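Visitor: quick one: sequence plus predicted model below, questions after.
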Amino acid sequence: MSELVGRLHRDASMLERLVTRRFGLPADSTAVVIWVIVALVAVSAGILVPPYVSVMGDSLMKLVALPAALFLTFFLLASRSNLLRLIILIRASGDVVFESTRFGVGGAQIGVGGLLNGCVILIAVMLVLEHPARFKRELVRGWGWFLAIAFFGIIVSPDHGAAIRLYLQLLSTFAVFVGGWYLVESTDGFKTCVKLIVWSSVVPVVYGAYQFATGSGVFYDDAGIRYQSTFTHPNVFAFYLALAISLTFYVLKSPLFRLGGWSKLMIALYLVALIVMLGLTKTRSAWIAVAAIFFVYGLFFERRYLIYLLGGGALALFIPGVGDRMLEIIGQKPVLISSYTPLNSFEWRQSIWTSALAWMSPTRYLTGYGLEAFPALSTTFFAESNNIHYGAHNDYVQMFFELGAIGVAAFVGLYLYSIRLVRGLFRTDRLAGFVTVSLVVEYLVVAASDNMMQYLAFNWYVWFLLGAGAALAVLSKTTTAETTSP
């Protein structure tokens with residue numbers, strides 16, 4: 001608290017000096033001017049509150065938007081870094097709440113989620129302006145090309161509103177990546193970033209357990225009952241859990257975290273809870289991704305985990321719901337996507353991919369139809385859409401349709417470049433290098449079967465970790481060079 005008060009005092013003093021220099025006022029009158037400005041802001045807020053309340057109606061969640069904006073502004077002035085840490089800590093718990101705070105302004109939907117997106121972008125800009133020497137051109141190379149091509153996709157998009165929203169999400173993800181980079185100035189900084197992601201999973205896991213115990217808030221589709229916790233879809237929850245499982249396992253195994261006997265036991269039990277919750281999402285690609293990570297870990301670190309994986313996988317197939325979902329992949333359990341066409345899940349995906357690619361004009365193979373064009377046009381080219389605007393459930397197909405071959409190359413290049421940024425971790429922390437690189441490879445693999453670009457919360461956590469890992473890799477390289485230099 002004393003640090004926060006001190007920061008506010010320094011910011012107020014800086015504002016006072018700025019006003020004095022800008023307007024040439026006597027030093028004694030500057031404080032009076034600032035108080036007059038504060039009073040005008042307060043009066044303006046008082047005038048605007050009644051119409052604001054009348055627009056929002058009696059929705060408590062929507063009424064929260066204005067106080068949330070004021071809180072974020074206050075915290076932003078007080079401490080940019082701590083605000084980013086707070087956002088990372090709570091972001092996984094907020095999807096459903098943020099959706100309920102949306103309201104329309106000029107045909108656009110905004111809410112607390114949009115405020116957070118803008119806030120992290122502003123945090124990244126302020127961190128770079130405050131510490132320009134720490135910013136490296138390497139941070140922009142991968143993202144720069146992709147964002148430039150996506151911006152062109154906004155111009156030609158058939159749905160400009162959706163395209164702009166997605167682009168702002170991409171910008172906020174890049175900002176979180178930059179924020180992760182700036183938060184790591186030592187090994188302890190990287191540990192803090194990992195802890196933030198792991199701790200952020202507690203509320204979603206507890207709420208998911210509550211949904212399971214009470215049967216409330218469940219998601220129904222062809223797979224039956226699925227649990228989504230605080231997220232908008234079980235798939236988003238599942239991929240987030242895959243990340244949380246990887247990092248919780250890292251905390252359990254890494255020598256950076258000096259854990260006592262009871263701490264290890266509690267973390268091990270929590271890891272089991274994460275895996276159980278992952279099973280309740282019924283998201284097969286996330287199951288396979290986690291199994292693949294443990295399989296590779298067993299090959300290169302501890303062989304006994306291959307036995308654990310084999311035994312656990314065999315037992316899981318006898319669990320109702322798990323075995324059925326795996327049989328569906330090989331076509332033994334059909335999914336009815338229309339009144340006359342039974343297809344399994346993979347065949348359904350193949351159907352929409354084939355329809356989209358067959359409909360495309362060869363003149364669009366290079367640049368595509370524009371950002372968010374796939375769902376906008378899916379009711380045109382996909383005969384079985386039933387007037388539902390489907391995504392491709394394959395980022396590569398959707399990227400090719402929307403941004404062409406150039407967009408696919410930029411998308412893949414972005415993630416391959418992130419591997420280049422974090423590969424230095426293998427020099428000093430093989431397990432950290434394995435976890436971060438595995439997550440990137442996992443992302444590229446599951447992107448072939450899901451709409452990963454749309455999963456904002458999950459993307460934030462992935463890129464926050466990559467930013468922190470890239471910073472630790474550079475720090476480790478610098479420390480090694482200083483140690484080995486004569």
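Guide: Looks like it arrived, so ask away. Note that this is a predicted model, so its numbers are computed, not measured. Residues are numbered from 1 along each chain as shown.
Visitor: let's verify Thr232: helix, strand, or coil?
Guide: coil (DSSP: H, G, I helix; E, B strand; the rest coil).
Visitor: that one: what's its closest spatial neighbour, skipping adjacent residues?
Guide: Nearest residue to Thr232, sequence neighbours excluded (Cβ to Cβ, 6 or more residues apart in numbering): Asp95, at 4.9 Å. From N, CA and C alone the C-beta is placed, and that goes for glycine too.
Visitor: so where is the protein shaky, pLDDT-wise?
Guide: For the chain, applying pLDDT under 70 flags the ranges 1-78, 98-113, 220-223, 316-345, 477-486.
Visitor: list the buried ones in whichever strand or helix holds Met399?
Guide: Assigned by DSSP states H and E, Met399 belongs to helix 395-422. Counting neighbours by 16 or more other Cβ atoms under 10 Å, one finds that the buried residues in helix 395-422 are 395-404, 406-408, 410-412, 414-415, 417-419, 421-422.
Visitor: packing partners for it?
Guide: Packing partners of helix 395-422 (3 or more Cβ pairs under 8 Å, 6 or more residues apart in numbering; DSSP states H and E): helix 138-156, helix 345-359, helix 373-381, helix 430-446, helix 456-484.
Visitor: include distance to Gly261 and mean neighbour count when you put these into JSON lines, please.
Guide: Formatted as JSON lines, these follow (distance: least, Cβ to Cβ, whole Å; neighbours: other Cβ atoms under 10 Å):
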{"stretch": "helix 138-156", "distance to Gly261": "40", "mean neighbour count": "17"}
{"stretch": "helix 345-359", "distance to Gly261": "44", "mean neighbour count": "17"}
{"stretch": "helix 373-381", "distance to Gly261": "51", "mean neighbour count": "19"}
{"stretch": "helix 430-446", "distance to Gly261": "21", "mean neighbour count": "20"}
{"stretch": "helix 456-484", "distance to Gly261": "28", "mean neighbour count": "21"}
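Visitor: out of those, which comes closest to Thr367?
Guide: For Thr367, the closest of the helices and strands packed on helix 395-422 is helix 138-156, at 7.4 Å, according to Cβ to Cβ.
Visitor: ok now the closest one, how far from the chain's centre?
Guide: 18 Å (Cα atoms, centre = their mean, to the nearest Å).
Visitor: could you do stretch 451-467 as well?
Guide: 3 Å.
Visitor: for whichever strand or helix holds Leu271, buried residues please.
Guide: Using DSSP H and E, Leu271 falls within helix 261-281. Neighbour-count burial for helix 261-281, counted by 16+ other Cβ under 10 Å, picks out 267, 270-271, 273-275, 277-281.
Visitor: tabulate those residues (JSON lines), appending distance to Phe146.
Guide: Listed next are the buried residues of helix 261-281 as JSON lines, based on distance: Cβ to Cβ, whole Å:
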{"residue": "Ile267", "distance to Phe146": "36"}
{"residue": "Tyr270", "distance to Phe146": "35"}
{"residue": "Leu271", "distance to Phe146": "34"}
{"residue": "Ala273", "distance to Phe146": "36"}
{"residue": "Leu274", "distance to Phe146": "31"}
{"residue": "Ile275", "distance to Phe146": "33"}
{"residue": "Met277", "distance to Phe146": "32"}
{"residue": "Leu278", "distance to Phe146": "29"}
{"residue": "Gly279", "distance to Phe146": "34"}
{"residue": "Leu280", "distance to Phe146": "34"}
{"residue": "Thr281", "distance to Phe146": "29"}
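Visitor: what is the nearest of the residues you listed to Asn117?
Guide: Closest approach between the buried residues of helix 261-281 and Asn117, by Cβ to Cβ: Thr281, at 24.9 Å.
Visitor: quick check: domain ranges of this structure?
Guide: For the chain, automatic domain parsing gives the domain ranges 2-56, 68-484.
Visitor: so which of these is the most packed in?
Guide: domain 68-484 (a mean of 18; mean count of other Cβ atoms under 10 Å).
Visitor: quick one: Ile88 and Val198 touch, right?
Guide: No. Between Ile88 and Val198 there is no contact under Cβ atoms under 8 Å: 11.0 Å.
Visitor: coming back round to it: the residue nearest to Thr232 contacts Val236, correct?
Guide: Yes. With contact defined as Cβ under 8 Å, Asp95 reaches Val236; the gap is 7.3 Å.
Visitor: got any residues that touch both of the two?
Guide: Ala457 (Cβ atoms under 8 Å, 6 or more residues apart in numbering).
Visitor: give the residues shared as contacts by Ile88 and Val198.
Guide: With Cβ under 8 Å, 6+ apart, Ile88 and Val198 have no common neighbours.
Visitor: so is the nearest residue to Gln454 once chain neighbours are set aside in a helix, a strand, or just coil?
Guide: Sequence neighbours aside, Gly391 is the residue nearest to Gln454 in space, at 6.5 Å (criterion: Cβ to Cβ, 6+ apart). Using three-state DSSP, the structure places Gly391 in coil.
Visitor: which residues touch Gly391?
Guide: So Gly391 contacts 374-375, 378, 398, 451, 454 (Cβ under 8 Å, 6+ apart).
Visitor: still on that earlier bit, how near is the residue nearest to Thr232 to Leu139?
Guide: 27 Å (Cβ to Cβ, to the nearest Å).
Visitor: then Met360?
Guide: Taken as Cβ to Cβ, the span from Met360 to Leu139 is 34 Å.
Visitor: repeat that for Tyr207.
Guide: Tyr207 is 34 Å from Leu139, where distance means Cβ to Cβ.
Visitor: could you find the closest non-adjacent residue to Ala448?
Guide: Asn394 (5.6 Å).
Visitor: list the contacts for the one you found?
Guide: 349, 353, 447-450.
Visitor: repeat that for 7 Å
Guide: 349, 353, 448-449 (Cβ atoms under 7 Å, 6 or more residues apart in numbering).
Visitor: measure it to Met453 for me?
Guide: Taken as Cβ to Cβ, the span from Asn394 to Met453 is 11 Å.
Visitor: same check, this time on Leu265
Guide: Distance of Leu265 to Met453, given as Cβ to Cβ: 38 Å.
Visitor: give me the residues contacting the host helix or strand of Leu315.
Guide: For Leu315, the enclosing helix or strand under DSSP H and E is helix 304-316. The contact list for helix 304-316, computed with Cβ under 7 Å, 6+ apart, reads 291, 294-295, 297-298, 322.
Visitor: same check on stretch 138-156?
Guide: Contacts of stretch 138-156 with the rest of the structure, by Cβ under 7 Å, 6+ apart, involve 160, 163-164, 167, 170, 174, 178, 181, 368-371, 402-403, 406-407, 410-411, 413-414, 417-418, 421.
Visitor: can you do 6 Å?
Guide: Outside stretch 138-156, the residues that touch it by Cβ atoms under 6 Å, 6 or more residues apart in numbering are 163, 167, 174, 370-371, 402-403, 406-407, 410, 414, 417.
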